[in-house]
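Participant: curious how this folds, go ahead:
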Amino acid sequence: MLDIAAALHTWCGEGRDFAVATVVGVGGSAPRQPGAALAVDTAGEAVGSVSGGCVEGAVYELCQQALESGESARETFGYSDEDAFAVGLTCGGIIDILVTPVRADSPLRAVFARAVATAATGGTAALVRIVDGPPELLGAALHLGPETGSAPTPGSVPKTDADAAEGPYAGEPPYAGGGVAGTLGGSPELDATAVAEGRALLAAGRTTTVTVGADGRLCGQPVTLLVESSVPPPRMLVFGAIDFAAALVRVGKFLGYHVTVCDARAVFATDRRFPEADEIVVDWPHRYLDTQRPDARTVVCVLTHDAKFDVPLLERALRMPLAYVGAMGSRRTHLDRLARLREAGVADAELAALRSPIGLDLGARTPEETALSIASEIVAARHGGSGAPLTGAHTPIHHEPGTVGVG
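Facilitator: Prediction:
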């Protein structure tokens with residue numbers, strides 16, 4: 001649902017009633033992953049998608065029914081057969097959909113309003129919902145803010161949409177105290193377990209489902225939770241202000257990264273050369289990296305292929321928990337670089353994380369083609385892809401979402 005947060009934030013601010021259909025489970029070659037959503041308001045306006053078009057009409061009707069009944073419902077869509085009027089997925093996959101009415105007078109409304117307000121402004125938060133389990137709990141939700149300061153207790157919610165969209169809930173992450181809003185409606189232990197699971201997945205920037213017991217333990221009647229994470233964009237650090245870097249900046253922005261270009265040479269590291277970069281830094285690469293706190297979603301691309309820059313930079317980068325570290329250069333340059341890094345004390349286990357020569361073998365020649373090659377390797381590393389052609393392969397088209405990359 002947080003993938004359409006900007007639109008839903010606007011709807012909440014306008015006081016609209018709406019229903020949200022969210023993908024909560026997939027099987028086979030499903031077109032969308034858990035968290036993808038379609039919302040419909042009382043006037044019939046729709047935003048988002050759950051299948052890329054295959055079952056949108058049927059899901060649209062389910063949303064309208066949920067608005068009328070006020071009840072959450074779960075529906076499964078599988079393969080559509082040769083009947084031209086059958087509703088289903090032509091790709092052969094299966095998706096489970098949870099449809100939840102979000103009325104202005106519902107206690108759930110305030111929790112949703114907080115979640116979409118945070119996500120729409122790029123804040124850090126998670127929305128945890130019961131997507132399978134006891135019917136009376138279906139659709140119940142918690143909103144987790146960042147863990148800083150004192151936290152409100154589970155069950156605390158703002159009184160109105162205005163409370164959720166203004167004051168401490170606007171702009172920077174809504175919970176200045178890093179709290180929990182809402183309740184799943186079961187035992188207090190279930191809320192506590194949901195908060196713990198949600199925090200762990202939020203820290204990794206993941207959106208996925210997890211099954212726990214209704215009593216908060218891993219036994220007893222099962223309850224499936226969907227945890228949707230909203231986190232700031234991951235970072236791409238590009239070292240070396242060259243033409244290839246300019247192309248990589250454009251691709252990085254297209255993939256949703258916050259892109260920084262760093263070079264010690266002020267004449268090259270300029271706004272004019274990199275107008276699409278979020279940040280341009282004139283400093284020695286290793287010195288700049290020493291001032292940063294990259295996380296497990298950060299990618300580092302070293303394009304300088306100059307030992308005086310590369311070696312001290314990679315010596316530090318390879319010892320950080322990064323998503324990806326790649327370095328440009330020929331195979332001869334790579335062998336020389338490895339020797340220098342070993343002399344600097346970098347262990348073979350650390351060197352194994354280095355992607356060099358950087359990128360996948362696409363036969364790339366131009367800066368744009370090379371940027372595509374690098375970006376392809378980053379995406380493959382993020383999702384566990386092989387980089388091999390899909391034609392003739394017997395591997396899954398879609399991989400289980402990983403723990404790094406765009407949130």
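Participant: got the domain ranges for this protein?
Facilitator: Listed by automatic domain parsing, the domain ranges of the chain are 17-103, 106-231, 235-383.
Participant: include mean neighbour count, distance to D3 and mean pLDDT when you put these into CSV, please.
Facilitator: The C-beta positions use only the backbone N, C-alpha and C, and glycine is treated the same way. Shown next, in CSV, are those (neighbours: other Cβ atoms under 10 Å; distance: least, Cβ to Cβ, whole Å; pLDDT from 0 to 100):
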stretch, mean neighbour count, distance to D3, mean pLDDT
domain 17-103, 18, 6, 81
domain 106-231, 20, 8, 75
domain 235-383, 18, 12, 95
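Participant: what segments of the chain are helices?
Facilitator: Remark: helices assigned in the chain by DSSP state H are 5-13, 56-69, 107-120, 161-165, 188-204, 243-254, 285-290, 307-317, 331-343, 348-351, 367-383.
Participant: for V23, which of these is the nearest?
Facilitator: Among the helices of the chain, the nearest to V23 by Cβ to Cβ is helix 56-69 (9.7 Å).
Participant: contacts only, for S69.
Facilitator: Residues in contact with S69 (Cβ atoms under 8 Å, 6 or more residues apart in numbering) are P101.
Participant: that one and C63, how far apart?
Facilitator: Distance from S69 to C63, counting by Cβ to Cβ, to the nearest Å: 11 Å.
Participant: just D310 next, same as before
Facilitator: 54 Å.
Participant: do R340 as well
Facilitator: R340 is 60 Å from C63, by Cβ to Cβ.
Participant: on that earlier part again, reformat the domains of the chain as JSON lines; add distance to G392.
Facilitator: JSON lines is the format used below for the domains of the chain (distance: least, Cβ to Cβ, whole Å):
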{"stretch": "domain 17-103", "distance to G392": "16"}
{"stretch": "domain 106-231", "distance to G392": "30"}
{"stretch": "domain 235-383", "distance to G392": "17"}
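Participant: picking that back up, need the helices of the chain in TSV (columns: distance to V180).
Facilitator: Converted to TSV, the helices of the chain look like this (distance: least, Cβ to Cβ, whole Å):
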stretch	distance to V180
helix 5-13	19
helix 56-69	26
helix 107-120	10
helix 161-165	15
helix 188-204	6
helix 243-254	34
helix 285-290	35
helix 307-317	36
helix 331-343	45
helix 348-351	39
helix 367-383	30
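Participant: out of these, which gets nearest to P232?
Facilitator: In terms of Cβ to Cβ, the element of those nearest to P232 is helix 107-120, at 10.6 Å.
Participant: between that closest one and helix 5-13, how many degrees?
Facilitator: Angle of helix 107-120 versus helix 5-13, following axes from the mean of the first three to the mean of the last three Cα atoms, to 10 degrees, is 140 degrees.
Participant: sorry, back to before: looking at the helices of the chain, which is closest to P357?
Facilitator: Smallest distance to P357 across those (Cβ to Cβ): 5.8 Å, for helix 331-343.
Participant: residues in contact with the closest one?
Facilitator: 305, 307, 310-311, 314-315, 318, 327, 329, 348, 351, 356-357.
Participant: and if you look at stretch 264-274?
Facilitator: Outside stretch 264-274, the residues that touch it by Cβ under 8 Å, 6+ apart are 241-242, 245-246, 249, 261-263, 277, 280-285, 309.
Participant: any idea how far apart the tips of it sit?
Facilitator: Start-to-end span of stretch 264-274 (Cα to Cα, to the nearest Å) is 15 Å.
Participant: now stretch 259-269
Facilitator: Span of stretch 259-269 from end to end, Cα to Cα: 13 Å.
Participant: do the same with stretch 230-250
Facilitator: 23 Å.
Participant: kindly report the same for stretch 283-302.
Facilitator: End-to-end distance for stretch 283-302, by Cα to Cα: 14 Å.
Participant: distance from that stretch to the middle of the chain?
Facilitator: With Cα atoms, centre = their mean, to the nearest Å as the basis, stretch 283-302 stands 21 Å off its chain's centre.
Participant: show me what contacts the closest residue to P233 other than its chain neighbours?
Facilitator: Closest residue to P233 apart from its sequence neighbours, by Cβ to Cβ, 6 or more residues apart in numbering: H258 at 4.5 Å. H258 makes contact with 232-236, 278-279 under the criterion Cβ under 8 Å, 6+ apart.
Participant: how does it look with 6 Å?
Facilitator: For H258, the contact set (Cβ atoms under 6 Å, 6 or more residues apart in numbering) comprises 233, 235, 278.
Participant: sorry, back to before: out of the contacts of stretch 264-274, who's nearest R114?
Facilitator: Taking Cβ to Cβ as the measure, R114 lies nearest A277 of the contacts of stretch 264-274, at 32.4 Å.
Participant: how far away is that closest one from A388?
Facilitator: On the measure of Cβ to Cβ, A277 and A388 end up 32 Å apart.
Participant: with V227 instead?
Facilitator: 31 Å.
Participant: likewise P233?
Facilitator: P233 is 29 Å from A388, by Cβ to Cβ.
Participant: again, but for D191
Facilitator: Here the criterion is Cβ to Cβ. By it, D191 lies 45 Å from A388.
Participant: again with L362
Facilitator: Distance from L362 to A388, by Cβ to Cβ: 12 Å.
Participant: what do you get for S330?
Facilitator: Distance from S330 to A388, by Cβ to Cβ: 24 Å.
Participant: please apply the same query to A125.
Facilitator: A125 is 37 Å from A388, by Cβ to Cβ.
Participant: many thanks, we can stop here.
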